[in-house]
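**Student:** my questions concern the predicted model and sequence given below.
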There are 2 protein chains.
Amino acid sequence: MEIIKPRTLSGFMELLPGKQIQFEKMTEILRRTYASYGFAPLDTPVIEDAQILLAKGGGETEKQIYRFTKGDSDLALRFDLTVPLAKYVALHYNELAFPFRRFQISKVYRGERAQRGRFREFYQADIDIIGDGKLDILNEAEIPAIIYKVFRGFGLTRFQIRVNNRKILNGFYARLGLSERSGDIMRTVDKLDKIGADKVKAILLEDCGLTETQAEEILRFIAIRGTNEQVLAALEGYAGSNDLFDQGLAELKAVCANLAAFGVPEENFAVDLTIARGLDYYTGTVYETTLLDHPEIGSVCSGGRYDNLAGYYIEKQLPGVGISIGLTRLFYVLDEQGLLNPQLPSAPADALVLPMTQDPAPAIALAEILRGAGLRVQLYGEQKKFKQKMAYANKLEVPFAVLLGEDEIAEGMCSVKNMVTGEQVKLTPEAAAAHIRSALDAGDCPVILEK
Amino acid sequence: MEIIKPRTLSGFMELLPGKQIQFEKMTEILRRTYASYGFAPLDTPVIEDAQILLAKGGGETEKQIYRFTKGDSDLALRFDLTVPLAKYVALHYNELAFPFRRFQISKVYRGERAQRGRFREFYQADIDIIGDGKLDILNEAEIPAIIYKVFRGFGLTRFQIRVNNRKILNGFYARLGLSERSGDIMRTVDKLDKIGADKVKAILLEDCGLTETQAEEILRFIAIRGTNEQVLAALEGYAGSNDLFDQGLAELKAVCANLAAFGVPEENFAVDLTIARGLDYYTGTVYETTLLDHPEIGSVCSGGRYDNLAGYYIEKQLPGVGISIGLTRLFYVLDEQGLLNPQLPSAPADALVLPMTQDPAPAIALAEILRGAGLRVQLYGEQKKFKQKMAYANKLEVPFAVLLGEDEIAEGMCSVKNMVTGEQVKLTPEAAAAHIRSALDAGDCPVILEK
């Protein structure tokens, strides 16, 4: 037979089993956390009608999209989960209860130039809350509170959810008579971290055509720093001269107060006036999330409030708030930086049952008892030497091997070997299950979703 | 804004939230069951190099495949999970521990003519065990034992896993001097249920060119029926004249004995000599699974033993055994037949917390306590009349509403309303969590993975 050299396309993540088990555990944490806040899972098709997917059209999206024909259908692979959500909500509007809360953890496709840490196929893990006509500000605190839970569930502590409000920015620029140029200005201000205040000012003056006073005002504004209380107090100083600004400030104060009520510690969220998140989609609260020890990575979870989810597909005002985690990239970065939770299991089983007799029936029964106690148990059925069986257990990195020979069977016992410490004890099957479970729960080799 | 009428492509399943929650629960049952037997999750790309995916080439596959170019890459969407597994194992051969056990629950793509109950995008839920050179027969019993657990977890009892062994068939045909025509014969015999014994015989005589004696022998053979014990006894009558037959019979007896050891009741598995599963891929044990009350649906879960997983990609003998559930079609059929487990939850939350005060902080705190107890809790933050809030709870079909007004807050209590019975009780948050949990666990509205 002619051999075709196997390969996986570049830009497509394909993990070895140990890493994949860790990745799966993170998606399970996401699913459980999202579901615990009453979000329904959605699962839209990977392939959509290209005309529908590209209703908004334009720019980078159109260049990167995987688009093809099949028969006479013009098809494309989804490039995010927001456009499919808009289509879904418009299509099923009459069947949904609003506010409609959904999460979706699915792959999306962008034919970008492949480079390290950039993927052409990657998971997004999105939550959105969609209102019909209206949506309470409370939701704008709940979304980052959920993200806080998720990141803690991932074992992270050194992260910060940064919050701003577009109404504050738009109101502020209106106050300076710069509404029409606010897009250019925000794009410039967004580069503050990268190019510094002096260069920002130069661009504002030369390219955006601002006056010295206007540029100074903007730089002073975005330089506001401090605790959330201090920043909010500083913003009060601008209040009373623009309705939109005042509304945004009231919203930001409500979000901060409610975030505290949700139990999010001050150290994990910060009002940050430099955050704008693009131009016209977001209309109120906006979020970015950074790893404090790795600012170079940029935001790993972003989103915000928008006023019109599905205007391309339905004549209804559907405001919403949502946030998206680029999960594949986050996993890649955490792994690369050694930040994956060491409690994430990487073994495919908690215990490997090794029959030492010809008849596998006693080992089958033992394995079933251990599974009944909630353990992940692999039965090793190959006819190999003991040494090879132990080598296999070591290669899988299973925490426990359970040996069952004639002696154990006669006594109604099994021998439980801790593969890390080497300690071996003879126990009944029920006691063996409890022994393994308690060792896993004690944190020797477990993962527990933070409560 | 111009409105583009939203639609989802035909042949692509897109469920409403209640159904999607049920579907997700079934995938969770699959994941948990597969993992409990020590299978590692795999997640290969949806897109692969078309040359690699089509290494085997040929026929229907090539016609149905979604194939396209991007830049100068010849790409295709996977049409099953077996070819990507073969690629994966060949590519990562040196990094894997054998036997390598993996499950994958992922979407695959086939551009078939769309028709009712047929999907172009559908989930397959596969498990495979791959050996390096050898693989013990024990695995061939474990695979259907796991499928038994899965189907019971789905709430089904009236199903049957049918087992046969290709060596028995090949040995039997060799005995009749019909090895070279065994492919045609098996294809014909496979139609027995559809066209009846007389027509099968006619085809065997006229199209396959068999003698009357040969045809009679075959019909007598495939007419062997009865309990597994009876069928195995009848097969013993053919033993001793063909080595391959004898080997297959020994394997089939081992599989039956071990299936019993795994706790699979006799009523849920049957030796069925008419099952062949295609031509040359499978080499030993083969499986099909039917719903006893809906034979017209055909097999909902099929697979078997093969000797050479990845011959197209690597010069290694990699035998394996695997089985695949066409999950999307199974879900569609179960739903259509009213066979979905009524215990599958369809509400996005176990409880809806309704704040009756201006300040949402007490309701936020209450919801967090309920979540801490493991409940799925939605906080309803909209400023609506009580009646509208209850209408929303009813539309979501949440089993419990938890009301929090001034009185309750003052007393440190909350009012828990059972949305089915209408019963309302005032409890502390902790007692409310226990009250809801016990109602869910009691089977009013729960789902529990069968132990």
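**Tutor:** Great, that's in hand.

**Student:** nearest spatial neighbour of the closest residue to chain B within the stretch 1-150 of chain A, skipping sequence neighbours?
**Tutor:** Residue nearest to chain B within the stretch 1-150 of chain A: residue A:38 (2.6 Å; Cβ to the nearest Cβ). C-beta here means a position set from N, CA and C on the backbone, and glycine is covered the same way. Distance criterion Cβ to Cβ, 6 or more residues apart in numbering or on different chains; nearest residue to residue A:38, sequence neighbours excluded, is residue B:378 at 2.6 Å.

**Student:** so that neighbour sits in a helix?
**Tutor:** No - the assignment for residue B:378, made by DSSP: H, G, I helix; E, B strand; the rest coil, is strand rather than a helix.

**Student:** ok, it touching residue B:353?
**Tutor:** Yes - with contact defined as Cβ atoms under 8 Å, residue B:378 reaches residue B:353; the gap is 7.0 Å.

**Student:** mutual contacts of the two, please.
**Tutor:** residue B:367 (Cβ atoms under 8 Å, 6 or more residues apart in numbering or on different chains).

**Student:** does any bit of the helix or strand containing residue A:108 sit next to chain B?
**Tutor:** Following DSSP states H and E, one finds residue A:108 within strand A:100-109. Yes - residues of strand A:100-109 contacting chain B under Cβ under 8 Å from any Cβ of the partner chain: A:100-102, A:107, A:109.

**Student:** try stretch A:146-165
**Tutor:** No - using Cβ under 8 Å from any Cβ, stretch A:146-165 never reaches chain B; the gap is at least 8.7 Å.

**Student:** check which residues of that stretch are buried.
**Tutor:** A:146-156, A:159-165 (16 or more other Cβ atoms under 10 Å in any protein chain shown).

**Student:** one more: stretch A:397-415?
**Tutor:** A:397-405, A:408-409, A:413-415.

**Student:** export those to a markdown table and tack on distance to chain B and secondary structure?
**Tutor:** A markdown table is the format used below for the buried residues of stretch A:397-415 (distance: Cβ to the nearest Cβ, whole Å; DSSP: H, G, I helix; E, B strand; the rest coil):
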| residue | distance to chain B | secondary structure |
| --- | --- | --- |
| A:397 | 9 | coil |
| A:398 | 8 | coil |
| A:399 | 12 | coil |
| A:400 | 12 | strand |
| A:401 | 12 | strand |
| A:402 | 12 | strand |
| A:403 | 16 | strand |
| A:404 | 13 | strand |
| A:405 | 17 | coil |
| A:408 | 17 | helix |
| A:409 | 13 | helix |
| A:413 | 19 | coil |
| A:414 | 16 | strand |
| A:415 | 19 | strand |
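
**Student:** pick out the most distant pair among those residues.
**Tutor:** Maximum pairwise distance among those (Cβ to Cβ): 27.4 Å, between A:397 and A:409.

**Student:** re the thing from before, any idea what the residue nearest to residue A:38 is bridged to?
**Tutor:** Here residue B:378 shows beta-bridge partners residue B:352, assigned using DSSP bridges.

**Student:** give the phi and psi angles for the most centrally placed residue in chain A, as a check.
**Tutor:** Computing the C-alpha centroid of chain A and ranking residues by Cα atoms, centre = their mean puts residue A:325 first, at 3.2 Å. Per-residue torsions, residue A:325: phi -100, psi 130 (degrees, to the nearest 10).

**Student:** taking the stretch 301-450 of chain A, what residue is nearest to chain B?
**Tutor:** residue A:378 (2.7 Å).

**Student:** related to what we said a few turns ago, which elements pack onto the strand holding residue A:108?
**Tutor:** helix A:17-36, strand A:40-41, helix A:82-91, strand A:121-130 (3 or more Cβ pairs under 8 Å, 6 or more residues apart in numbering or on different chains; DSSP states H and E).

**Student:** after the shortest one, next one along is what?
**Tutor:** Secondary structure here is assigned by DSSP H and E; on that basis, the next helix or strand after strand A:40-41 toward the C-terminus is strand A:47-49.

**Student:** and for the last one?
**Tutor:** Along the chain past strand A:121-130, the next helix or strand (assigned with DSSP H and E) turns out to be helix A:138-153.

**Student:** re the thing from before, got a list of what the residue of the stretch 301-450 of chain A closest to chain B touches?
**Tutor:** A:348-349, A:351-353, A:367, A:396, A:398, B:37-38, B:101.

**Student:** pick the one among those residues closest to residue A:433.
**Tutor:** Using Cβ to Cβ, the contacts of residue A:378 come closest to residue A:433 at residue A:351, 8.8 Å.

**Student:** nearest spatial neighbour of the closest one, chain-adjacent residues omitted?
**Tutor:** Residue A:351's closest residue in space is residue A:400 (Cβ to Cβ, 6+ apart), at 4.3 Å.

**Student:** show me how far the lowest-mean-pLDDT helix or strand in chain A is from its chain's centre.
**Tutor:** Lowest by mean pLDDT, DSSP states H and E among the helices and strands of chain A is helix A:59-64, with a mean of 80. Distance, stretch centre to chain centre, for helix A:59-64: 24 Å (Cα atoms, centre = their mean, to the nearest Å).

**Student:** what pairs with the very next helix or strand once past it, parallel or antiparallel?
**Tutor:** Once the chain leaves helix A:59-64, the next helix or strand it forms, by DSSP H and E, is strand A:67-70. Strand pairing for strand A:67-70, using DSSP bridges, gives strand A:73-77 (antiparallel).

**Student:** wait, is residue A:302 part of a helix?
**Tutor:** No - if the criterion is three-state DSSP, then residue A:302 is strand and not within a helix.

**Student:** quick check on the closest residue to it other than its chain neighbours: phi, psi?
**Tutor:** In this structure, residue A:302 finds its nearest non-sequential neighbour in residue A:288, 5.0 Å apart by Cβ to Cβ, 6+ apart. Note on residue A:288: its backbone torsions stand at phi -140, psi 160 [degrees, to the nearest 10].

**Student:** give the contact list for residue A:288.
**Tutor:** Contacts here follow Cβ under 8 Å, 6+ apart; on that basis residue A:288 touches A:161-162, A:272, A:275, A:277, A:299, A:301-302.

**Student:** assign residue A:364 to helix, strand or coil.
**Tutor:** Residue A:364 is classified as helix under three-state DSSP.

**Student:** shaky segments in chain A?
**Tutor:** A:1, A:58, A:279, A:444-451 (pLDDT under 70).

**Student:** was I right to think the residue nearest to the centre of chain A contacts residue A:300?
**Tutor:** Yes - using Cβ under 8 Å, residue A:325 is in contact with residue A:300, at 6.8 Å.

**Student:** just to revisit the earlier point, quickly name whichever of the contacts of residue A:378 is closest to residue A:292.
**Tutor:** Nearest to residue A:292 among those is residue A:348, at 33.6 Å by Cβ to Cβ.

**Student:** what's the neighbour count on the closest one?
**Tutor:** Residues lying near residue A:348 (other Cβ atoms under 10 Å in any protein chain shown) number 27.

**Student:** wait, it sits on residue B:42?
**Tutor:** No - between residue A:348 and residue B:42 there is no contact under Cβ under 8 Å: 10.6 Å.

**Student:** from the contacts of residue A:288, pick the one nearest chain B.
**Tutor:** residue A:161 (16.6 Å).

**Student:** partners of the helix or strand the closest one falls within in the sheet?
**Tutor:** In this structure, residue A:161 sits in strand A:159-165 according to DSSP H and E. Note on strand A:159-165: by DSSP bridges, its sheet partners are strand A:269-271 (parallel), strand A:282-291 (antiparallel).

**Student:** in the last one, what counts as buried?
**Tutor:** This points to strand A:282-291. Quick answer for strand A:282-291 (16+ other Cβ under 10 Å): A:282-291.

**Student:** and the two most separated of those?
**Tutor:** The most distant members of the buried residues of strand A:282-291, if one measures by Cβ to Cβ, are A:283 and A:291, lying 27.4 Å apart.
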